[in-house]
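1. 3D model of this:
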Amino acid sequence: VAAGRDDGAEPTFWIATGGGARARLLAGHGGDWSVVDLPLQAGAASKGAFGLALAQRGACVVGGDYAAPTVVAGTAAFGDDGGVWRAASDGAGGFRSAAVWLDDRRLLAVGSHGTSVSVDHGRTWQIVGDVGFHAVARAADGAVFACGADGRVARWSELPPREFALQRLFGDHMVLPAKATVPVRGFGPAGALVTVAGAWGARAEARIAADGRWTCALPTPDRGGPFTFTSECGEQRRTCRDVLVGDVWLASGQSNMEMELGKHGWSGGVRDWQREVAAADHPTLRFFTVAKNAAEAPADDVEGQWVVCTPENAGAFSATAYFFARDLVQSGKGPLGVVVSAWGGTVCEAWASPQGLAAFPEFAGALAAAGTSPAREQRRQQFWSAVEAAASVAPAEDVELPGAFSATGLGQFDGAVEYRRRIELPDALRGRELVLELGPIDDMDVVWWGEQRLGGSDDEGAWSTPRHYPVPAAWTALPAVELRVRVVDTGGEGGFTGAAAALRLVAGEQSLPLAGTWHRRLVAPLASLPRWPSRGNPNEPARLWHGMIAPLVPFPFTGAIWYQGESNRNRAEQYAKLFPAMIADWRRAFGVPLPFYFVQIAPYEYGPAGESLTAELRAAQAAALALPDTGMAVTLDCGDAKDIHPTHKQPVGQRLAALARAGHYGEAVPHRGPVVAVVARDQDAVVLTFDAPAGVQLANDGAGFELAGADGRFVAAVARVVDGKVVVRAAGVEQPRHVRYAWAAVPAWSLVGGDGCLAMPFARTLP
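-> As a prediction, this is how the structure comes out:
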């Protein structure tokens, strides 16, 4: 089989062969040919390569043995440009004679005994039909046709069609970027027309692609609101209400970014959290917290919803992101939205894309082994089917909601529990579209409105995400209805973990409280159900990019804030290159030079080996400052030697906000401490000259400086300011060769600018 691809001046011709001792691929370009062996069945006239599909992203070859068409192994391979080719995991499901690309990720392969689809560029395959075809091709309009024996002709159809919906990032209470063209995105039946219209007069439309996805480029006005915008597809209509227009920031990283403002989830609350939460009344500030998702391939969407900043809601917000955003709002930058996509204990490479990691060969093996896992989805469906089929014989009991399992008599129970409550709908709510708000539920839930399934969060990772389920007006005509909420916990705490005020039915300004007595019945312990298929290790390269960043692309964020590094502490040399590469990767993916402000990790006693490792990691973080539009918040004064999650988050957020106010918004505010510019020796002293517009000062008696001679043995030094420079001397070091400052896991510090901004740690060697 032969195919060609025109990449420029010289076309490339590919020929895949079989029928001999080996299956091979020949690639010809500009008169030169290369030959590689393919990992397909070979050794007989009936074996080899029979189908070849080319795309800019890569290529796939299918084949096998037409004399033994049900043999699975060695029936598909993927690769590019005649280089390294790999066998598809478990083959293509049997002999396949032709293949075609459905889009930039998916392939369709046909053979005499069946049809298969791959959603990960040919790495893995799933059989989708047992009807045989011999050839398949894609028409100019994107339609895909196959033909087979006895005159059989068929057209590929995306069945079942996707339900019309918006991505979850587009919803009630959201903040849209101001004076931008926002790619409003969603899903629906292929080929249908979608129209999006904003109440400010803008309008856009698009056809839904063959993969069921659509994007409408909607222009937005200057900051303000509230507005509505609607999306329509045929008879279906979705309206997003209480939408503000302003700036939207992306906040990411590990646990010190994830840590909540209040006593919520694993967080014990930040310093003065009760006062901070009570004062968190900022109606023009909204948060969207992305549910955790470690994915093997780019996800279509994220779990989460927009929440208005009120004292009832703010305790669940990222503390660092909240203090950052609060400062911006108070300085006149509202309306403001923050999308928090963070996961504690995670490494930097998990947040970068495969393309962003291409320059790091140490990650190549893990990236090559990654792919989608149809088996996991199948096991997930089996788990939920077993939950639905479980017949509980446990007696019902009354419990007060909201309440976690441990607080309502279930102790450490893991498994499925059903809650029921009959509610009387007041006349003011009947016949109207409502929203059922349940607060966060740990871990997963399925909700019924009478006999109708209303919605649910049926995958792990959303234990801290408040639930909001729209109720169609057609369902609210009756005077009463029974609510059923089935909660499934797969480990740790479970149940309703939000505030009482978050449990309610809402229609505009009216609401019906639902906190109080519910009937509860145990459905099934976890041990009696099929094993829940966990998503696996979030620290594999690109896993969090796929699950928690890629679905947000290309939303036009104003900028990004980042707090991560602790989990890469043992690989500082690598981090000095990896972190800047990740920033560049995000900027490439979002298509804009995102302003990027990050936090230098705080003091913490990591153990005997932690001193130099921590200092080196801080220096590696600082290497990213060589990139334009970056800034680093120094935290030497707000750590906790005994707690890796220091509660003093207020200055962290404020310093990030100062970087944004100066760098992005162009305000003249203090935002950066003194930076070493010149290091010189004056007999037994080291003289440090700083880039410090506000001058330099020494607090804490000049603590934190050390000197070493040629032997490299550092000793504590005495520092003082002389004529605007810092002069450092150490007893016993007559010819200093090395100077360093705050170079420890929990360092002493003293160097600040005249405006109070802390200097970052540094180490220098004199010539």
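
2. Would you check how far apart the nearest residue to residue 746 once chain neighbours are set aside and residue 636 are?
-> Leaving aside its chain neighbours, residue 746 sits nearest to residue 603 (4.2 Å; criterion: C-beta to C-beta, 6 or more residues apart in numbering). Where you see a C-beta, it was placed from the backbone N, CA and C, and this is true even at glycine. Counting by C-beta to C-beta, to the nearest Å, the gap from residue 603 to residue 636 is 7 Å.

3. which residues in the stretch 351-500 of the chain form helices?
-> Ranges of helices within the stretch 351-500 of the chain are 364-369, 374-389, based on DSSP state H, counting those that start in this stretch.

4. dump the residue contacts of the spatially most central residue of the chain.
-> For the chain, residue 548 is the residue whose C-alpha lies nearest the centre (C-alpha atoms, centre = their mean; 1.5 Å). Residue 548 sits next to 252, 290, 292, 293, 302, 341, 343, 351 when contact means C-beta atoms under 8 Å, 6 or more residues apart in numbering.

5. Please work out how many residues are found near the spatially closest residue to the second one that is not a sequence neighbour.
-> Looking back up the chat, that one is residue 290. Closest residue to residue 290 apart from its sequence neighbours, by C-beta to C-beta, 6+ apart: residue 341 at 4.0 Å. Counted with other C-beta atoms under 10 Å, residues neighbouring residue 341 total 27.

6. which residues do residue 603 and residue 636 both contact?
-> In contact with both residue 603 and residue 636: residue 747, using C-beta under 8 Å, 6+ apart.

7. if we can go back for a sec, considering the contacts of residue 548, which is situated nearest to residue 719?
-> residue 252 (36.6 Å; C-beta to C-beta).

8. quick one, phi psi at the closest one?
-> phi -150, psi 170 (degrees, to the nearest 10).

9. quick one: which of the helices of the stretch 351-500 of the chain is nearest residue 281?
-> That would be, of those and by C-beta to C-beta, helix 374-389, which comes in at 39.5 Å.

10. contacting residues for the nearest residue to residue 479 once chain neighbours are set aside?
-> The spatially closest residue to residue 479, leaving aside those adjacent along the chain, is residue 425, at 5.9 Å (C-beta to C-beta, 6+ apart). For residue 425, the contact set (C-beta under 8 Å, 6+ apart) comprises 476, 478, 479, 480, 481, 512.

11. Assign residue 576 to helix, strand or coil.
-> For residue 576, the assignment made with DSSP: H, G, I helix; E, B strand; the rest coil gives helix.

12. Wait, it touches residue 618, no?
-> No - counting by C-beta atoms under 8 Å, residue 576 stays clear of residue 618, with 10.8 Å between them.

13. The two: which is more packed in?
-> residue 618 (28 against 18).

14. give me phi/psi at that one?
-> phi -60, psi -40.

15. Neighbours of the residue lying closest to residue 738 once chain neighbours are set aside, how many?
-> Setting aside the residues directly before and after it, residue 738 is nearest to residue 708 in space (C-beta to C-beta, 6+ apart), at 4.2 Å. For residue 708, the count of nearby residues is 19 (other C-beta under 10 Å).

16. show me what contacts residue 708?
-> 714, 715, 733, 736, 737, 738, 739 are the contacts of residue 708 under C-beta under 8 Å, 6+ apart.

17. which residues does the last one contact?
-> Applying C-beta under 8 Å, 6+ apart to residue 739 gives the contacts 679, 686, 688, 705, 706, 707, 708, 717, 728, 763, 764, 766.

18. Can you name the two of these that sit furthest apart?
-> 688 and 708 (15.1 Å).

19. Find the nearest non-adjacent residue to residue 462, please.
-> residue 291 (3.8 Å).

20. Am I right that the one you found is in contact with residue 301?
-> No - between residue 291 and residue 301 there is no contact under C-beta under 8 Å: 10.3 Å.

21. So which of these two has more stuff around it?
-> residue 291 (21 against 17).

22. Helix, strand, or coil at the more buried one?
-> coil.

23. Let me know how buried residue 529 is, in neighbour terms.
-> Counted with other C-beta under 10 Å, residue 529 comes out at 22.

24. List the residues that contact it.
-> 383, 386, 387, 390, 415, 416 are the contacts of residue 529 under C-beta under 8 Å, 6+ apart.

25. How many residues are close by the first one?
-> Pointing back at residue 383 there. Neighbour tally, residue 383, other C-beta under 10 Å: 21.

26. The chain should start at 34 in everything you say after this.
-> Right, with 34 as the first residue, what we last looked at is residue 416.

27. So the residue nearest to it when sequence neighbours are not counted: helix, strand or coil?
-> Closest residue to residue 416 apart from its sequence neighbours, by C-beta to C-beta, 6+ apart: residue 563 at 5.0 Å. Under three-state DSSP, residue 563 falls in the coil class.

28. Could you double-check that residue 563 lies in contact with residue 417?
-> No - look at residue 563 against residue 417 with C-beta under 8 Å: they stay out of range, at 9.4 Å.

29. Show me which of these two is the more surrounded one.
-> residue 417 (20 against 15).

30. Can you tell me how far the closest residue to the more buried one other than its chain neighbours is from residue 196?
-> Closest residue in space to residue 417, ignoring its immediate chain neighbours: residue 491 at 6.2 Å, by C-beta to C-beta, 6+ apart. With the distance defined as C-beta to C-beta, residue 491 ends up 15 Å from residue 196.

31. Which one of those two is surrounded by more residues?
-> Between residue 491 and residue 196, residue 491 has the larger neighbour count (other C-beta under 10 Å), namely 18 against 12.

32. so where do the strands sit in the stretch 134-283 of the chain?
-> For the stretch 134-283 of the chain, applying DSSP state E, counting those that start in this stretch gives strands covering 140-144, 147-151, 159-162, 168-171, 177-180, 186-188, 198-199, 208-210, 214-220, 226-231, 236-240, 246-252, 257-266, 269-286.
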